[in-house]
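>>> Quick one, fold the following:
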Amino acid sequence: MAVVVSACLLGERCKYNGGDNRNEAVIAFCRDREIIPVCPETAGGLPAPRPPSEIRDGQVWSKDGANVTEAFRAGALRCLESCAGRTVEYAILKAHSPSCGSGEVYDGAFSGKTVAGDGVFAAMLKVRGIPVFTEDQLEEAAQCAG
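Here you go, the predicted structure:
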């Protein structure tokens, strides 16, 4: 079984600011698992670096005012395609991200505050019955692991 993991958590420099969110606990947790690394934002054609984006009124907006919803959706669909033919046990995705956030995302006002909701890719996984956890929920993911 495979685990879908946000590539930024694995150290890939795909974060909006050109950096990463490398998380040693996630890397250690996934060490003996088949990993499917994903970055829906770069998969959708967005560069790194790029302006930060947040979800507002069901759409994804960059801080400079551009509607980037279609790039986020296209990237999420490409990441789903990368899972085709594999049994995905669950996903570990970057908290609060407009692509990967699960349960909470940034509020759409670029205030640093969060609201209830899911990122575009996380929502697509959940609709398909794939459990989604953030890097802060590794204990819960371990309970889900077979």
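>>> going forward, measure contacts between C-alpha atoms and count neighbours the same way
Fine.
>>> Tell me where this structure has helices.
24-29, 40-43, 69-82, 120-127, 138-144 (DSSP state H).
>>> most centrally placed residue in this protein?
residue 100 (2.3 Å; CA atoms, centre = their mean).
>>> Look up how far residue 17 lies from that residue.
Separation of residue 100 from residue 17 (CA to CA, to the nearest Å): 16 Å.
>>> Tell me, how many residues neighbour residue 114?
15 (other CA atoms under 10 Å).
>>> That one - nearest residue in space that isn't next to it in sequence?
residue 106 (4.2 Å; CA to CA, 6 or more residues apart in numbering).
>>> which regions of this structure sit below the pLDDT cut-off?
146 (pLDDT under 70).
>>> rerun that using 90 as the cut-off
Under the criterion pLDDT under 90, the flagged ranges of the chain are 144-146.
>>> quick one, strands of it?
Under the criterion DSSP state E, the chain contains strands at 2-6, 34-38, 53-56, 59-62, 88-93, 104-106, 114-116, 132-134.
>>> ok, back up a step: could you dump the helices of the chain into CSV with distance to residue 113 and mean neighbour count added?
Listed next are the helices of the chain as CSV, based on distance: least, CA to CA, whole Å; neighbours: other CA atoms under 10 Å:
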stretch, distance to residue 113, mean neighbour count
helix 24-29, 24, 14
helix 40-43, 21, 24
helix 69-82, 20, 19
helix 120-127, 18, 21
helix 138-144, 23, 13
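>>> Reformat the ones you listed as JSON lines; add distance to residue 4.
Shown next, in JSON lines, are the helices of the chain (distance: least, CA to CA, whole Å):
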{"stretch": "helix 24-29", "distance to residue 4": "12"}
{"stretch": "helix 40-43", "distance to residue 4": "12"}
{"stretch": "helix 69-82", "distance to residue 4": "9"}
{"stretch": "helix 120-127", "distance to residue 4": "10"}
{"stretch": "helix 138-144", "distance to residue 4": "12"}
